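Engineer: A structural model of the following input is requested.
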Amino acid sequence: MDWEKEYQKRIISADKAATFINSNDQVIFTMGREAHGIGKAIAERKDELENVNMFIPTPSYDFGWYDQGFQDSFDISVVMPTNTCQEAMNKNRIDLIPGIMMSMYRPNCFAKPADVVITEVSPPDEKGFCSFGQSLWNKKKQIQMGKIVIAEVNTHLIRTHGDNFIHFSEIDHFVLHKPSGKKIGATSLAGRKIKEPEPYLKDIAGYMSELINDKDTIQIGVGRTTEPLVRLGMLDNKNDLGIHTEATPPKIITLVKEGVITGKYKTIHNGKVVATSLGGGSREEMMWADNNPLFELVTVDYLEDIRIIASNDNMVAINNALAIDITGQITAESVDGHLVSTAGGQFPFVVGALLSKGGRSITVLPSTAKYNSISRIVPSFPEETVVTIPRTCADFVVTEFGIAKLWGKSMRQRAQELISIAHPKFRDELTKEAQKRFG
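Structural biologist: Numbering: from 1, shown residues only. Prediction:
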């Protein structure tokens with residue numbers, strides 16, 4: 001076909017692709033995993049480049065540029081610190097652009113248009129359309145922002161239904177992906193190593209199950225507490241659930257396959273699993289989702305539009321927290337002034353669920369940290385703590401010790417609810433602090 005000749009003309013090497021980067025350029029890697037071959041080739045030009053402004057939303061690969069000594073060459077900003085770049089974030093070698101995912105790619109998000117946008121795609125199909133694989137996010141909008149667009153072609157990417165495609169003609173150059181030779185072990189949705197679930201998570205999953213009804217539509221956010229809950233039985237014995245979520249945690253695809261998740265009663269996108277990324281699944285799960293019309297990937301700005309979320313009746317938002325104070329302020333981003341995560345889509349999902357007919361917002365967290373030495377339920381936050389969810393939006397809170405219902409409660413009542421699900425060793429101390437403040 002004629003388009004295939006044009007496609008072949010656009011294929012270049014990774015080293016050639018790297019030469020399109022100049023000092024002082026604005027370079028965007030699209031959301032999700034970076035194009036490995038191109039990223040490696042750019043990093044190798046370290047000594048030739050100065051002040052390249054690199055936007056890498058959720059770093060997956062370590063090309064070396066997070067180490068000390070790369071900062072004069074690459075000025076890197078991220079949306080979410082991952083395990084790949086956490087040390088660089090802690091030592092201020094990289095910067096963070098705060099904001100919710102859906103707002104990250106507005107036309108005025110960057111000081112200047114992107115000189116180069118780099119993405120990853122599947123090979124084109126018989127009509128010349130490439131897929132973004134299991135991860136869409138806002139890649140189309142990012143590509144529209146680029147003067148030059150380069151895509152690494154990965155034959156291992158699955159194809160999904162929904163808005164997850166782009167015609168090859170919208171991409172200037174293609175680089176054929178070569179496997180790195182290194183296997184990346186299973187990671188969480190935030191790129192951190194998956195650990196064996198702590199025993200308390202089984203208790204949290206049990207309490208969560210009490211709050212989820214048949215026919216509910218579910219969102220499950222990123223986090224070490226939220227992601228294992230489906231595997232630990234949170235959705236066992238449920239029927240006809242729906243999914244409208246940023247990324248799917250482990251076992252969600254299996255529950256679709258088993259008929260537990262049907263979307264039969266979803267108010268919008270009836271019968272579809274709606275997400276912007278299929279994450280956390282095994283290769284077997286990914287292959288079952290490949291070209292499966294039950295899965296519909298949509299752009300993150302649509303997925304996280306509060307009006308769209310609220311259009312789902314019985315919408316249940318399930319999100320992770322790092323700590324909560326006794327008035328209901330929630331942080332999912334910082335600990336002792338150190339940034340360890342970002343809001344992601346948590347805020348729009350919380351608000352959307354609260355506006356949904358029959359909706360609920362549930363925040364989950366372990367009662368303690370550092371081997372029961374620190375309570376995550378605190379009288380007040382230390383200075384510089386980032387408040388992710390204001391107390392005005394706090395609804396249900398779940399720890400391994402039970403369920404606290406905060407919606408509609410006074411400050412004194414909220415404190416009592418939260419103290420009841422705190423670790424027993426901290427309840428007396430929290431009670432004294434609550435009495436000082438609220439009588």
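Engineer: what is the mean pLDDT for stretch 196-216?
Structural biologist: For stretch 196-216, mean pLDDT rounds to 96.
Engineer: And that stretch, how far out from the chain middle?
Structural biologist: 20 Å (C-alpha atoms, centre = their mean, to the nearest Å).
Engineer: Could you measure from residue 22 over to residue 45?
Structural biologist: According to C-beta to C-beta, to the nearest Å, residue 22 and residue 45 sit 10 Å apart. (C-beta placed from N, C-alpha, C; glycine too.)
Engineer: got it, and residue 115?
Structural biologist: Applying C-beta to C-beta, the value for residue 115 to residue 45 is 15 Å.
Engineer: cool, residue 343 as well?
Structural biologist: From residue 343 to residue 45 the distance is 34 Å (C-beta to C-beta).
Engineer: In terms of neighbours, single out the busier of those two.
Structural biologist: More crowded of residue 343 and residue 45, by other C-beta atoms under 10 Å: residue 343, with 23 against 15.
Engineer: Mind listing the strands the lowest-mean-pLDDT helix or strand in the chain pairs with, and their directions?
Structural biologist: The helix or strand of the chain with the poorest confidence is strand 338-339; it has a mean of 82 (mean pLDDT, DSSP states H and E). Here strand 338-339 is paired, per DSSP bridges, with strand 334-335 (antiparallel).
Engineer: Now do the partner strand, average pLDDT.
Structural biologist: pLDDT averaged over strand 334-335 gives 89.
Engineer: Same question for stretch 398-415.
Structural biologist: In the prediction, stretch 398-415 has an average pLDDT of 98.
Engineer: Next: stretch 427-437.
Structural biologist: Across stretch 427-437, pLDDT averages out at 97.
Engineer: Please apply the same query to stretch 255-263.
Structural biologist: 98.
Engineer: Please apply the same query to stretch 308-318.
Structural biologist: Here the average pLDDT along stretch 308-318 is 98.
Engineer: now the end-to-end length of that stretch.
Structural biologist: Stretch 308-318 has an end-to-end distance of 17 Å (C-alpha to C-alpha, to the nearest Å).
Engineer: how far does it sit from the chain's center?
Structural biologist: 18 Å.
Engineer: list the buried ones in it?
Structural biologist: For stretch 308-318, the neighbour count (16 or more other C-beta atoms under 10 Å) marks 308-318 as buried.
Engineer: now, which of those sits nearest residue 87?
Structural biologist: Using C-beta to C-beta, residue 318 comes nearest to residue 87 of these, at 29.5 Å.
Engineer: Can you give me the first-to-last residue distance of stretch 61-74?
Structural biologist: The first and final residues of stretch 61-74 sit 15 Å from each other (C-alpha to C-alpha).
Engineer: can you list the residues that contact that stretch?
Structural biologist: 33-34, 36, 39-40, 42-43, 46-47, 49-52, 54, 59, 76, 84-85, 87-88, 91, 93-94, 180 (C-beta atoms under 8 Å, 6 or more residues apart in numbering).
Engineer: Name only those of those residues that count as buried.
Structural biologist: 33-34, 36, 39-40, 42-43, 46, 49, 52, 54, 59, 76, 84-85, 88, 93-94.
Engineer: Which of these fall within helices?
Structural biologist: Secondary structure from DSSP state H places 36, 39-40, 42-43, 88 of the buried ones among the contacts of stretch 61-74 in helices.
Engineer: give me every residue that touches residue 260.
Structural biologist: For residue 260, the contact set (C-beta under 8 Å, 6+ apart) comprises 235, 238-239, 241.
Engineer: Could you identify the pair within these that is furthest apart?
Structural biologist: 235 and 239 (9.9 Å).
Engineer: Output the contacts of residue 260 in CSV; the columns should cover pLDDT and distance to residue 367.
Structural biologist: As requested, the contacts of residue 260 are arranged in CSV below (pLDDT from 0 to 100; distance: C-beta to C-beta, whole Å):
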residue, pLDDT, distance to residue 367
235, 98, 23
238, 98, 26
239, 98, 31
241, 98, 27
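Engineer: Give me the ChimeraX select line for those residues, limited to the buried ones.
Structural biologist: Per 16+ other C-beta under 10 Å, the buried members of the contacts of residue 260 correspond to this ChimeraX selection:
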select :235,238,241
